[in-house]
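**Student:** following is a predicted model, sequence given first.
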Amino acid sequence: MVEIMKRLLIMLLLCSSAHADVYKSINAAGEVVYSDTPTKGAEVLEMPELPTYTPPAVTESASAPATAEPTAAAVYSELVFVKPEDDATIRDNRGIINAELKLVPALRIRSNHRIQFYLDGEPYGEPGTSTRTIMANVDRGEHNLSASVLDSSGDVVISSDFVIVHLHRQTINNPNHPNNPNRPRPTPRAN
């Protein structure tokens, strides 16, 4: 117990004055006494060097206020096509492709962010606020769909991956196609 008290006293003395000398002496009762005040017959104890901590230098970006607007790259975490799925086959004689996106978090309309859909790398329609669009009268064949969120200056904030779709439309050369000029016409019945 006495040893623990000695250590505790040494620690307290070290904490109270980091640069003060520590003296060890024996009092009249024969007890060992540690003090920062020298007394007759006290010896100076060699104390180990105290550990120090030097904080890293503060950079300009680290001193920015915590309430700063998040960077554009960090605004959205996900922009993916829900419909159509990649490598989907769509059969529609009108050439309609229904597209739907998942955007996380929701579109920042107050920041004037807009969604631009692309068909084969070309903008399809005007940028808008809906995560859905209907692409009409698309030629038959393979097409690439993509989308981007644009900020108020028209710069891309986030882009989706490409989705490939295969659109099947009945050819006008099909004998039963209503626009085929060579389509057989029903013959009138004789009365």
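**Tutor:** Structure's in. What do you need?
**Student:** domain parsing for this protein?
**Tutor:** Segmentation of the chain into domains, based on automatic domain parsing, reads 2-45, 73-168.
**Student:** wait, what's in contact with the closest residue to Thr131 other than its chain neighbours?
**Tutor:** Nearest non-adjacent residue to Thr131, counting by CB to CB, 6 or more residues apart in numbering: Leu101, 4.2 Å away. Every C-beta, even on glycine, is put in place using the N, C-alpha and C of the backbone. Counting by CB atoms under 8 Å, 6 or more residues apart in numbering, Leu101 touches 79-82, 115, 131-132, 147, 160.
**Student:** can you rerun that using 10 Å?
**Tutor:** 78-83, 107, 115, 117, 130-133, 145, 147, 149, 160 (CB atoms under 10 Å, 6 or more residues apart in numbering).
**Student:** just the buried subset of the residues you listed, please.
**Tutor:** The neighbour-count test (16 or more other CB atoms under 10 Å) marks 79, 81, 83, 107, 115, 117, 131, 133, 145, 147, 149, 160 as buried among those.
**Student:** can I get the strand ranked longest in the chain in CSV, CA atoms only?
**Tutor:** Longest strand in the chain, counting residues (DSSP state E): strand 141-150. The C-alpha trace of strand 141-150 is given here as CSV (Å, rounded to 0.1, in the frame of the first residue of the first chain):
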residue,chain,number,x,y,z
GLY,A,141,-32.3,-2.4,-83.0
GLU,A,142,-29.9,-2.1,-80.2
HIS,A,143,-29.7,1.1,-78.2
ASN,A,144,-27.7,2.5,-75.2
LEU,A,145,-29.5,4.4,-72.5
SER,A,146,-27.9,6.5,-69.9
ALA,A,147,-28.7,9.5,-67.6
SER,A,148,-27.0,12.3,-65.8
VAL,A,149,-27.8,14.7,-63.1
LEU,A,150,-26.8,18.3,-64.1
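**Student:** with that, I have no additional questions.
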